[in-house]
Structures are given as C-alpha cells and as structure tokens.
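*Asks:* I would like the atomic coordinates for the input below:
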Amino acid sequence: MAELKRTPLYDLHVALGAKLVPFAGWEMPVQYPMGVLNEHLHTRAHAGLFDVSHMGQVILRGPDAARALETLVPADVVGLAAGRQRYGLFTAPDGGILDDLMFANKGDHLYLVVNAACAEQDIAHLRRLEALGIEVLPVTDRALLALQGPEAEAVLARLLPGVGAMRFMDVAEFDWRGVRLWVSRSGYTGEDGFEIVVPQGLAVELAQALLDQPGVAPIGLGARDSLRLEAGLPLYGHDMDAATTPGAAGLGRSIPKLRRQGGARAGGFPGADTVLAELAAGPARVRMGLCPEGRAPIRDGVEIFAAPEGGAAIGTVCSGGFGPSVGGPVAMAILPSDLAPGATVWAELRGRRIPVAIAALPFHQPGYKR
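*Replies:* I've put the predicted structure just below:
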C-alpha cells in the first residue's frame, strides 16, 4: 500500500484537532472538533478555511497554449481574457468525462487546477500537447487554500487590500510578506470566496494569519462535500465519470455555442461527435436534484424507481446526504430528462420505497459576487 501524502498544513491540522482520513492518496482532514454540521453552517454564515493543497496544479506555456488546450477541452479557452478563469472538462474519445478542471489566463501562461484523484492521469493527458510546442509544468512547490463564506472578502481584504474589487472568476496576484500570492475569486461551496496559491514555505503562516481573523474557522472535507451538494455542484467520481457525458452530467453549460455544431470553432476535442450530437438533440438522461420525504438521507448508490412497487430502477443516487442549510436530506441522480421538478419518484431504502420529489438545482442559492 502506497504511503499517504501530506500537505504542508498537516502539522497544523493535527494541532487543530482534525480527524484525518485517506483521500485520493492524501492524508486529509475530514472534520475538526466543531463537527461537520457546525462547520457547514459556519461557512454559510461566516468564513471557512479549507486546505485543498492535494489538488493538482499545472502551468501550460507557449504562444498557442490556449488553442492547444481546446483540443482536449470543449471550452472557449482562446477567448478567455487575461485575469479570468473558467470551468471545463477533459473528454474521452467516446464522449465520457475524464475529469473536470478550472483554467485561468494569467497573461503569459495558463494555470490549471485538476482533481487530486485524477492529477497523474490528467498531467499525462496534457503531455500530448508537448507535440504542439506547449510546455507542461506540474506545480509542486505551492499549497492551495480556499477561504469561503459571506465574510471571506472582509477577512482576506485585511491581509490583501484590493481583493474586494475582484469579481467571481477573476484571478490576480498580490504581495504578502514579500511573496506573490495567486488569488482567484472562486470556490466549490456555493458561497462567495477565494482560492489562494501560496509557496509551500509560507502556507502555514498564511493559514494561521487567516485563522487568527474574526469569523474564520478550519473546515474539513466532510463539510466541503455537503456544501457543494447543496450548491448542486457535481463531484468527479460520483456525479460524473468516464461513462458519463457532459449532457447527462448537466454540464452542457460549460460548452459554449462556438464549440458546438455550427459554431466558429465547433468540435476538435475528444468525443466531439457524440457530445455535440447529444447536446443538439437534448440528453435523454440528465443530473437532477432529489428531496426525499422525512429526515432520512438517501446516499450514493441508492436506487431510484418510477413507481412505489415493481419495475426496474431508472437511476441511482450519485451524491446524497443531509443538507444542514436546507434543513433536510438532499441528493442528486442522473434520471430520464422528461421528469420535471415536483414529480415524484421512489428511492429504495432497506427493502422499502420512500417518495422523493424531483427538485431544481441548486438546493441553496449561491452567493457569488458577479
């Protein structure tokens, strides 16, 4: 068994009383003494600090880096302005999703953040671009922190004056104690917030400086998962994978018109024929929200049926749990696209079926600064 990797904040997590668990090859904090539910609610009301240094970070250099990345990602990379960031997908030749990612235009290079569990395969995938003259540089000397919540701007502005002028998905650089921090106004909780790339040697100092601010608490992976679920945000390996198309995952919005059929730069990415034909016709199945009756959560793997008795399953819960801000259980599943919000389906729990309402996503309205 491979030894688990540790982020630069490992000793700080231990000192803060974190419960550490294996996650994507890393030893990561799942919760702190406050507990998952209170960490979730604290982030929604104040500001939560997350260690996301396990995520893969990559730099692409070269005059045609944006056009080259479009051969792997069905997004508008070429049209992304300097100082801006977008969400995208790596697609497979059959139209499935290899991973999702964030990519930013930092002027003289592109900066990518990919999922920890997929980082090695994603970097290998990106190395195909080297034949096009693109330099692929894994970033291994920088930690990544996420500060999320309605008080995040006020907190970070005390350390980095000027961040308040940033809009959702802006990226910028700021000086702090003699070093350059890379900051984006983004996150994966449904709240306003920032992600901060910091040299490893200064990561603990920055994290402690943020935790010393009023209203900031350390938050683990447990609350990160419940926050993104309430925000209707998909998680790779749960709500999408290599067997799931962008249309079925409900991520067609990440593919702009100019990359679709009839667009100025249509296709040109792996699986384009399958992906674009499905989007043009409308996917037969798509990711939807679910609100079960009662207080019992329906979790990953629970089968969904069209009727209270009999028949084959029409889908399986891909993400599910209790939504602390919603005050009840919430879930997501890929289901027939003709189901509308308010329709009733049934989830099979311990041999009996319970009614579940189809719900519009997200369950919790995001608080991004547009």
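*Asks:* Could you use CA atoms for every contact and neighbour count after this?
*Replies:* OK.
*Asks:* Break this structure down into its domains, please.
*Replies:* Following automatic domain parsing, one gets these domains for the chain: 10-53+140-230, 284-370.
*Asks:* quick one, which of those domains is nearest to Arg265?
*Replies:* Nearest to Arg265, of all those, is domain 10-53+140-230, at 23.3 Å by CA to CA.
*Asks:* Secondary structure element for Leu98, which one?
*Replies:* Element membership for Leu98 (DSSP states H and E) is strand 97-105.
*Asks:* Note down every partner strand of that strand and its orientation.
*Replies:* The pairing partners recorded for strand 97-105 under DSSP bridges are strand 84-91 (antiparallel), strand 110-114 (antiparallel).
*Asks:* Quick one, which of the ones you listed gets closest to Asp273.
*Replies:* Where these are weighed against each other on CA to CA, the nearest is strand 84-91, at 11.5 Å.
*Asks:* follow-up on the earlier one: I'd like the domains of the chain as a markdown table, with mean neighbour count, mean pLDDT and distance to Ala131 appended.
*Replies:* Output for the domains of the chain, formatted as a markdown table (neighbours: other CA atoms under 10 Å; pLDDT from 0 to 100; distance: least, CA to CA, whole Å):
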| stretch | mean neighbour count | mean pLDDT | distance to Ala131 |
| --- | --- | --- | --- |
| domain 10-53+140-230 | 20 | 98 | 23 |
| domain 284-370 | 18 | 96 | 36 |
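*Asks:* Reformat those domains as CSV; add distance to Leu80.
*Replies:* Compiled in CSV, the domains of the chain are given as follows (distance: least, CA to CA, whole Å):
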stretch, distance to Leu80
domain 10-53+140-230, 11
domain 284-370, 17
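*Asks:* between these, which one is nearest to Ala66?
*Replies:* Taking CA to CA, domain 10-53+140-230 is the member of the domains of the chain nearest to Ala66, at 16.5 Å.
*Asks:* Endpoints of that closest one, how far apart?
*Replies:* Start and end residues of domain 10-53+140-230 are separated by 28 Å (CA to CA, to the nearest Å).
*Asks:* Kindly report the same for stretch 334-344.
*Replies:* Across stretch 334-344, the straight-line distance between its terminal residues is 15 Å, by CA to CA.
*Asks:* How about residues contacting it?
*Replies:* The contact list for stretch 334-344, computed with CA atoms under 8 Å, 6 or more residues apart in numbering, reads 239, 248-249, 283-288, 306, 314-318, 355-360.
*Asks:* re the thing from before, quick one, which of the strands paired with strand 97-105 gets closest to Met332.
*Replies:* Ranked by CA to CA, the member of the strands paired with strand 97-105 that lies closest to Met332 is strand 84-91, at 19.5 Å.
*Asks:* Need the residues that contact that closest one.
*Replies:* Strand 84-91 is contacted by residues 72-75, 80, 97-106, 169-171, 184, 254-255, 269-271 when judged by CA under 8 Å, 6+ apart.
*Asks:* try 7 Å
*Replies:* Residues external to strand 84-91 that are found in contact with it (CA atoms under 7 Å, 6 or more residues apart in numbering): 72-75, 97-105, 169-171, 254, 270-271.
*Asks:* same question, stretch 221-241
*Replies:* Against stretch 221-241 from outside (CA under 7 Å, 6+ apart): 29-31, 36-37, 39-40, 96-99, 188-190, 249, 318-319, 323, 361-366.
*Asks:* hang on, the earlier thing: how about a markdown table for the strands paired with strand 97-105, with mean pLDDT added?
*Replies:* Rendered in a markdown table, the data for the strands paired with strand 97-105 read as follows (pLDDT from 0 to 100):
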| stretch | mean pLDDT |
| --- | --- |
| strand 84-91 | 98 |
| strand 110-114 | 98 |
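*Asks:* Deepest in the core, which of these is it.
*Replies:* Mean neighbours per residue, mean count of other CA atoms under 10 Å, is largest over the strands paired with strand 97-105 for strand 84-91, with a mean of 22.
*Asks:* Just read off the phi/psi values of Pro355.
*Replies:* Comment: the main-chain dihedrals of Pro355 come out as phi -70, psi 140, following degrees, to the nearest 10.
*Asks:* Longest helix in the chain, please.
*Replies:* helix 200-211 (DSSP state H).
*Asks:* who does the helix or strand just after that helix pair up with?
*Replies:* On the C-terminal side of helix 200-211, the closest following helix or strand by DSSP H and E is strand 216-218. Counting by DSSP bridges, the strands paired with strand 216-218 are strand 47-51 (parallel).
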